[in-house]
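Peer 1: For reference, the sequence and a predicted model appear below.
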Amino acid sequence: MNFSSDTAAPAHPDVFQAMMEANTGAAPSYGNDVWTERAREALCRVFECDLDIWLVASGTAANALGLATLCPPHGSIFCHAEAHIERDERGAPEFFTGGGKLALLPGLHGRIDLAALRKAVAFNRHDFVHETPAHVLSLSNLTECGAAYRPFEIAERAAIAHEGGLAVHLDGARFANALVSTGATPAEMSWRAGVDVMSFGATKNGVLGCEAIILFGSARQRLADLRVRAKRAGHMPPKMRFLAAQMCAYLRDGLWLSLARQANASAQGLAEVLLAKGGELVHPVDGNEIFARLPEAVTSRLRAAGASFYDWPDGSNRFVCSWNTPPEEIAAAASVLT
């Protein structure tokens, strides 16, 4: 019963098969291969627009490089106080921007509060030398609390940011889970809602290790700068075709959404088990994560039976299901607590 993280799950067999198919003969290096162009074309179809991409092996690299193309060293980035870029990336955005700061905002369930954002943007003064003005708003979907932004909620926040001259970044490490939960399309959840640059996650949803930095609209003009930053930071994979092959397999025939549906369904099933045993949800289960306060007897019995999950700083416990969480694991958790 491994509910520690979706990164603990194996990669889907189709991903390995695609990598094997790409493992034939020589191919141009550094993203100049046909697989990388196929991945870009596939993402264009998924998002219903023309776009540019850069592929990296981790979400931290995707977020940090994407933000570095939008925020100068003397600027800051508005994000939620619980955002992954704040809590879990060890200063990578600050490091990759060369000194940019994170300016933290409140909000329930990891969603940035609209009033707080309006106030922050209203007092964001680029002409006052003693402040560090924000250049970017970064949103996360799913949020770090497992909640989903609906497209209109992203659009509301993006409109405030754009009116204040800020670019909008989206951390989409669990983007597929948010789409399945809300029923939105990728376009509705991204560029149509005002997103300029996003990290399109795949690793948490069945891929061996591949994330795409996606540039929409006018942000595509920053591709050359992104490539230079990626090279300087050591994120220009010589054999990018193997990253691209993973992305192609992930998107083929809607596999990515199918895997997210499996993960979300497993989370819903596990949540029902925990609630039936006296658990209290701290955040909505909008994807594949559950945050619940549980009686100590429940957590003790689960751990004694070999279940793995995290104690969260707010006093809750986090359980994460993956595309590979079998029904038997949910049934085993229920059996332990019977």
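Peer 2: Noted; the coordinates are in hand.
Peer 1: Residue 332 looks like it's in a helix, true?
Peer 2: Yes - with DSSP: H, G, I helix; E, B strand; the rest coil as the criterion, residue 332 is assigned to a helix.
Peer 1: looking at it, it is touching residue 305, isn't it?
Peer 2: Yes - with contacts counted by C-beta atoms under 8 Å, residue 332 reaches residue 305, the gap being 7.5 Å. Yep, even glycine has a C-beta here, placed from its N, CA and C like the rest.
Peer 1: What's the per-residue pLDDT of residue 284 here?
Peer 2: pLDDT recorded at residue 284 is 97.
Peer 1: if I read this right, it contacts residue 149, doesn't it?
Peer 2: No - under the criterion of C-beta under 8 Å, residue 284 is not in contact with residue 149, lying 11.6 Å apart.
Peer 1: Can you pick out the residue with more neighbours from these two?
Peer 2: residue 149 (26 against 18; other C-beta atoms under 10 Å).
Peer 1: separation between that one and residue 239?
Peer 2: Between residue 149 and residue 239 the computed distance is 35 Å (C-beta to C-beta, to the nearest Å).
Peer 1: ok, the residue of the chain positioned farthest from its centre to residue 279 distance?
Peer 2: Computed with C-alpha atoms, centre = their mean, the maximum C-alpha offset from the centroid of the chain is found at residue 338, amounting to 35.1 Å. The span separating residue 338 from residue 279 equals 15 Å under the rule C-beta to C-beta.
Peer 1: check contacts around the spatially most central residue of the chain.
Peer 2: With distances taken as C-alpha atoms, centre = their mean, the residue of the chain nearest its centroid is residue 173 (1.6 Å). Residues near residue 173 by C-beta atoms under 8 Å, 6 or more residues apart in numbering: 59, 84, 140, 142, 199, 201, 203, 204, 211.
Peer 1: Where does the fifth one sit: helix, strand or coil?
Peer 2: It refers to residue 199. At residue 199, secondary structure determined by three-state DSSP is strand.
Peer 1: number of nearby residues for it?
Peer 2: The number of residues packed around residue 199, counting by other C-beta under 10 Å, is 29.
Peer 1: Surely it and residue 172 touch.
Peer 2: Yes - the pair formed by residue 199 and residue 172 meets the contact definition of C-beta under 8 Å, at 5.5 Å.
Peer 1: what sits against the residue nearest to residue 21 when sequence neighbours are not counted?
Peer 2: Nearest residue to residue 21, sequence neighbours excluded (C-beta to C-beta, 6 or more residues apart in numbering): residue 245, at 6.9 Å. Contacts were defined as C-beta under 8 Å, 6+ apart; by that measure residue 245 touches 18, 19, 21, 22, 35.
Peer 1: Could you do residue 75 as well?
Peer 2: Applying C-beta under 8 Å, 6+ apart, the residues contacting residue 75 are 97, 100, 101, 132, 133, 134, 135, 136.
Peer 1: Read off the pLDDT value for residue 336.
Peer 2: Residue 336 is assigned a pLDDT of 90 by the prediction.
Peer 1: Run a quick check on it versus residue 306, I expect a contact.
Peer 2: No - when contacts are counted by C-beta under 8 Å, residue 336 is not listed as touching residue 306 (9.0 Å).
Peer 1: and for those two, which residues touch both?
Peer 2: Shared contacts of residue 336 and residue 306, defined by C-beta under 8 Å, 6+ apart, are found at residue 1.
Peer 1: These two - which one has more neighbours?
Peer 2: Under the criterion of other C-beta under 10 Å, the comparison of residue 336 against residue 306 puts residue 336 first, with 18 against 10.
Peer 1: Select the longest helix from the protein.
Peer 2: Ordering each helix of the chain by length in residues (DSSP state H) puts helix 255-276 first.
Peer 1: which residues touch the next helix or strand after that helix?
Peer 2: For helix 255-276, the following helix or strand on the C-terminal side (DSSP states H and E) is strand 280-281. The contact list for strand 280-281 (C-beta under 8 Å, 6+ apart) reads 271, 275, 290, 291, 292, 293, 294.
Peer 1: Let me have these in TSV, extended by neighbour count, pLDDT and secondary structure.
Peer 2: Below are the contacts of strand 280-281 laid out as TSV (neighbours: other C-beta atoms under 10 Å; pLDDT from 0 to 100; DSSP: H, G, I helix; E, B strand; the rest coil):
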residue	neighbour count	pLDDT	secondary structure
271	21	97	helix
275	15	95	helix
290	28	98	strand
291	25	98	strand
292	24	96	strand
293	17	96	strand
294	21	95	coil
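Peer 1: between those residues, which is nearest residue 314?
Peer 2: residue 291 (7.8 Å; C-beta to C-beta).
Peer 1: from what I can see that closest one touches residue 312, true?
Peer 2: Yes - with contacts defined as C-beta under 8 Å, residue 291 counts as touching residue 312 at a distance of 6.2 Å.
Peer 1: who touches both of those two?
Peer 2: When contacts are counted by C-beta under 8 Å, 6+ apart, residue 291 and residue 312 have residue 318 as shared neighbours.
Peer 1: still on that earlier bit, need phi/psi at the residue nearest to the centre of the chain.
Peer 2: When quoted as degrees, to the nearest 10, the phi and psi of residue 173 stand at phi -60, psi -40.
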